[in-house]
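Novice: Sequence isn't available, so here's the structure alone:
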């Protein structure tokens, strides 16, 4: 990972003609930012999974209710 950071630093220096020092503090700050990003994405994905599961459960419940209502309608059809 450190080699990749150094390569990116060199690219930054070449493209922008500015030097960026990779210090232990800045590296730890980068790791902290990445950790926050991963946590927020995990929270978002977990929320989407929950919504998906809730939706499929509602569809299954509705399917069961419709099946019962359909049987009741078939039983009542001769009377109608």
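Specialist: Perfect, thanks for sending it. These numbers come from a predicted model, not from an experiment.
Novice: which strands and helices sit next to the biggest helix by length in the chain?
Specialist: Counting by DSSP state H, the longest helix found in the chain is helix 24-76. Packing contacts for helix 24-76, counted by 3 or more C-beta pairs under 8 Å, 6 or more residues apart in numbering; DSSP states H and E, involve helix 2-16. Glycine gets a C-beta too; all of them are placed from N, C-alpha and C.
Novice: Now do the helix it packs on: distance to the chain's middle.
Specialist: 30 Å (C-alpha atoms, centre = their mean, to the nearest Å).
Novice: tell me what it is packed against?
Specialist: Going by 3+ C-beta pairs under 8 Å, 6+ apart, helix 2-16 lies up against helix 24-76.
Novice: Tell me how far the helix it packs on lies from the chain's centre.
Specialist: On C-alpha atoms, centre = their mean, the centre of helix 24-76 falls 10 Å from the chain's centre.
Novice: could you check the angle helix 2-16 makes with it?
Specialist: 100 degrees (axes from the mean of the first three to the mean of the last three C-alpha atoms, to 10 degrees).
Novice: quick one: the residue nearest to the spatial centre of the chain and residue 25, what's the gap?
Specialist: For the chain, the residue nearest the mean C-alpha position is residue 45 (2.2 Å; C-alpha atoms, centre = their mean). With the distance defined as C-beta to C-beta, to the nearest Å, residue 45 ends up 31 Å from residue 25.
Novice: Over to residue 55?
Specialist: Counting by C-beta to C-beta, the gap from residue 55 to residue 25 is 45 Å.
Novice: again, but for residue 10
Specialist: For residue 10 relative to residue 25 (C-beta to C-beta), the value is 20 Å.
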